[in-house]
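> Here is a sequence with its predicted model. Questions after.
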Amino acid sequence: MAKHPPVTACGDSPNCVSTADTREKFQLAPLYIANDSVTFSTIIAHIATMPRAEVVTSQDNYAHLRFTTKVLRFVDDVEVSLESNQLALRSASRIGYYDFGANRQRAEVIRQRLTDAELIKP
């Protein structure tokens, strides 16, 4: 069984957001699992239904997904991990410096979809 790294904080370019980052412009609020019956695989399957999402790897309590932007076909990476009852999330662009808020917007859409599905707490 491969050991995956935890979801990390962002670097210095403003094309990333993460629950592991404490700096305001990069920080995402924590996500808490709704109840003990919610499984990590259900969460990842739900995220994978988003447009232009592809699961690269999902093993144990870690997943790496790839999102391709509609127009210019840029690739952004989303990492998700589960520790106890808290979901860690990181969304970052692979190239470029500024993403015009695309990664924050994606992270908030993920949060809303998981909340609406009652997989995480509001």
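Arrived safely, thanks for sending.

> Just want the most central residue of the protein.
The residue lying closest to the centre of the chain (CA atoms, centre = their mean) is L89, at 3.8 Å.

> what about that residue, which helix or strand?
Taking DSSP states H and E as the definition, one finds L89 inside strand 86-93.

> so how far is that strand off the chain centroid?
3 Å (CA atoms, centre = their mean, to the nearest Å).

> for stretch 75-95, same thing?
3 Å.

> Over to stretch 51-69?
On CA atoms, centre = their mean, the centre of stretch 51-69 falls 9 Å from that of its chain.

> For that stretch, list every residue counted as buried.
53, 58, 61-65, 67 (16 or more other CB atoms under 10 Å). The way it works is simple: take the backbone N, C-alpha and C, and place the C-beta from them, glycine included.

> how about the CA coordinates for that stretch, as CSV?
Output in CSV follows, covering the C-alpha atoms of stretch 51-69 (Å, rounded to 0.1, in the frame of the first residue of the first chain):
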residue,chain,number,x,y,z
PRO,A,51,-17.5,18.7,-15.4
ARG,A,52,-14.0,17.9,-16.8
ALA,A,53,-12.9,16.1,-13.7
GLU,A,54,-10.7,13.0,-13.8
VAL,A,55,-9.5,10.8,-10.9
VAL,A,56,-5.8,10.3,-11.3
THR,A,57,-5.4,8.2,-8.2
SER,A,58,-7.6,7.3,-5.2
GLN,A,59,-6.2,5.1,-2.5
ASP,A,60,-7.0,4.8,1.2
ASN,A,61,-7.8,8.3,2.4
TYR,A,62,-6.0,10.3,-0.4
ALA,A,63,-7.1,11.2,-3.9
HIS,A,64,-5.6,13.3,-6.7
LEU,A,65,-8.0,14.6,-9.3
ARG,A,66,-7.2,16.5,-12.5
PHE,A,67,-9.6,19.3,-13.8
THR,A,68,-9.2,20.6,-17.4
THR,A,69,-10.4,24.1,-18.1
